[in-house]
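Undergrad: Give me a 3D structure for the following:
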Amino acid sequence: MTHRHCSIVPPYVLRQLVQAEPDLAPAVEFALSDGAQVRHRREVTATRWPPGEPAPGQGIIAWPMRERAEGRTPRTGEDRPGPAAESAPRRSVHDAQHLTELPGPLVRGEGDGPSGDASVDEAFAGLGATWEVLARVYGRDSLDGRGLGLVASVHYSRDYDNAFWDGRQMVFGDGDGVYFAGFTRSIDVVAHELAHGLTQYTAGLTYVGQPGALNESASDVWGAIVRQWTRDETVEQADWLIGAELFTDRVEGRALRSMAEPGTAYDDPVLGRDPQPGHMDGYVVLPHDADNDNGGVHINSGIPNKAFHLFATALGGRVWDRAGLVWYDTMTTRGLIPRDVTFAGFAAATVDRAVARFGAGSEVERALRSAWAGVGLEVPDEVAVGGAPDVAEAGRAAARPGGRAAGDG
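TA: This is a model prediction of the structure:
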């Protein structure tokens, strides 16, 4: 199967630029066409675990279950989980030199000092922070769980308005300088795109319709986790914005997306208005093709984003603790969710993992059910722990009849 080009800026935003800014149109049109070529040129295979083989990365870095259940993930001190002695990030950042041949010359590798190039050093830091959270919080050695090297190229093409994961590495444009600044500036953008790689090696969610929106949402969740980790923020302190540093002062907007308030991130005369819904009542039904954001993957991701925000803020504290752990367990539990899982099936699977991890009737389960109900998805009470096909089937019936998305995905 061909994996769609996973990029941070939705195609509908770029099309707005093409129509409104003739001077920028050539570069933006290239960004759009390049994305289409990447889809055909670089097939991304969503790796699934062979039968009988343990999920990659599980147990590489031990962390007592009791500490996780109690939500204790201190950033410092003796109780903080650390990577095994043999585990360490392997980062390499390359300079594409405004060309499109990847990866380009190596400019900073693991153990090297700062390069003096802000894009290089920001990318290097973002790769490291993402590895750090995977390793120290979730016990996983890189995206594939087996120490995969993290490769990035900066200065891709000229005036390139995007960043993307191509199945093997990260790629960052410098932006057009008019509406978009450099794409390494937001650490959550780096983490978001790397998380497409994490999904590739775990759940392998199909990049179309509802599973595609879940793929995008999972990356936003990971971006939020890494951003809050590096800032040492609680869920109450966090702004829950994705890409807050990408826009120039010319844009009337705060970020590309808001997980707390989908649909409010920007409202600009040129870029248009943030189209994300935060409830199933606003689900946008679109054809499943590239001209329509593969069925609205960047649009409808606002619904699971809002559910995660409701869940995390109901629990309070640190997002990487209980809320993040439930999402991580859901994405990495072998056989739990199909690649074409619906919103409802995914919701049911998260409840399954919450019950498995924290117990039936726990504060975590109650907060999670309430969060999904808050976006128009009721998870059946009879969802059983550990039965992946049953969980997914139960979830398919969970959407309220009033939702516009019934049966999509």
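
Undergrad: List of residues touching the helix or strand containing Leu368?
TA: Per DSSP states H and E, Leu368 falls inside helix 363-374. Around helix 363-374, the neighbours that count as contacts under Cβ atoms under 8 Å, 6 or more residues apart in numbering are 279, 306-308, 310-311, 314-315, 322, 326, 347, 350-351, 354-355, 357-359, 378-379, 398. Every residue, glycine included, has its C-beta placed from N, CA and C.

Undergrad: can you map out the helices along the protein?
TA: Taking DSSP state H as the criterion, the chain carries its helices at 11-20, 25-41, 65-69, 118-138, 187-201, 209-231, 293-296, 302-315, 322-332, 343-358, 363-374, 388-396.

Undergrad: burial measure for Arg90, as a count.
TA: Using other Cβ atoms under 10 Å, Arg90 is surrounded by 14 other residues.

Undergrad: now swap in Thr248 and tell me
TA: 12.

Undergrad: Does it touch Asp161 like I think?
TA: No - taking Cβ atoms under 8 Å as the definition, Thr248 is not a contact partner of Asp161, at 11.3 Å.

Undergrad: any common contacting residues for these two?
TA: Contacts common to Thr248 and Asp161, judged by Cβ under 8 Å, 6+ apart, are 175, 179-180.

Undergrad: Neighbour-wise, give me the winner out of those.
TA: That'd be Phe180 among the shared contacts of Thr248 and Asp161, by other Cβ under 10 Å, with 30 neighbours.

Undergrad: if I look at the spatially closest residue to that residue that is not a sequence neighbour, how far off is Val18?
TA: Leaving out its chain neighbours, the residue that sits closest to Phe180 by Cβ to Cβ, 6 or more residues apart in numbering is Asp161, at 4.8 Å. According to Cβ to Cβ, to the nearest Å, Asp161 and Val18 sit 10 Å apart.

Undergrad: Those two: which is more packed in?
TA: The residue with more neighbours, out of Asp161 and Val18, is Asp161; 27 against 16, by other Cβ under 10 Å.

Undergrad: ok, that one - contacts?
TA: Here Asp161 is in contact with 9, 14, 17, 27-28, 31, 173, 175-176, 179-180 (Cβ under 8 Å, 6+ apart).

Undergrad: mind checking how far Gly113 is from Leu143?
TA: For Gly113 relative to Leu143 (Cβ to Cβ), the value is 25 Å.

Undergrad: show me the contacts for Leu17.
TA: Leu17 neighbours (Cβ under 8 Å, 6+ apart): 24-25, 28, 161, 176, 179, 270-271.

Undergrad: Recalculate using a threshold of 10 Å.
TA: 9, 24-25, 27-29, 31-32, 161, 176, 178-180, 270-272 (Cβ atoms under 10 Å, 6 or more residues apart in numbering).

Undergrad: residues touching Trp320, list them.
TA: So Trp320 contacts 71, 73, 75, 133, 136-138, 222, 224-226, 228-229, 235, 312, 327-328 (Cβ under 10 Å, 6+ apart).

Undergrad: Tell me, please, where in the stretch 51-200 of the chain the pLDDT is lower than the cut-off.
TA: 51-86 (pLDDT under 70).

Undergrad: the strands in it, which residues?
TA: Taking DSSP state E, counting those that start in this stretch, the strands of the stretch 51-200 of the chain run over residues 91-95, 106-109, 150-154, 163-165, 170-172.

Undergrad: Mean neighbour count, these: which tops it?
TA: Among the strands of the stretch 51-200 of the chain, strand 170-172 has the highest mean neighbour count (mean count of other Cβ atoms under 10 Å), at a mean of 29.
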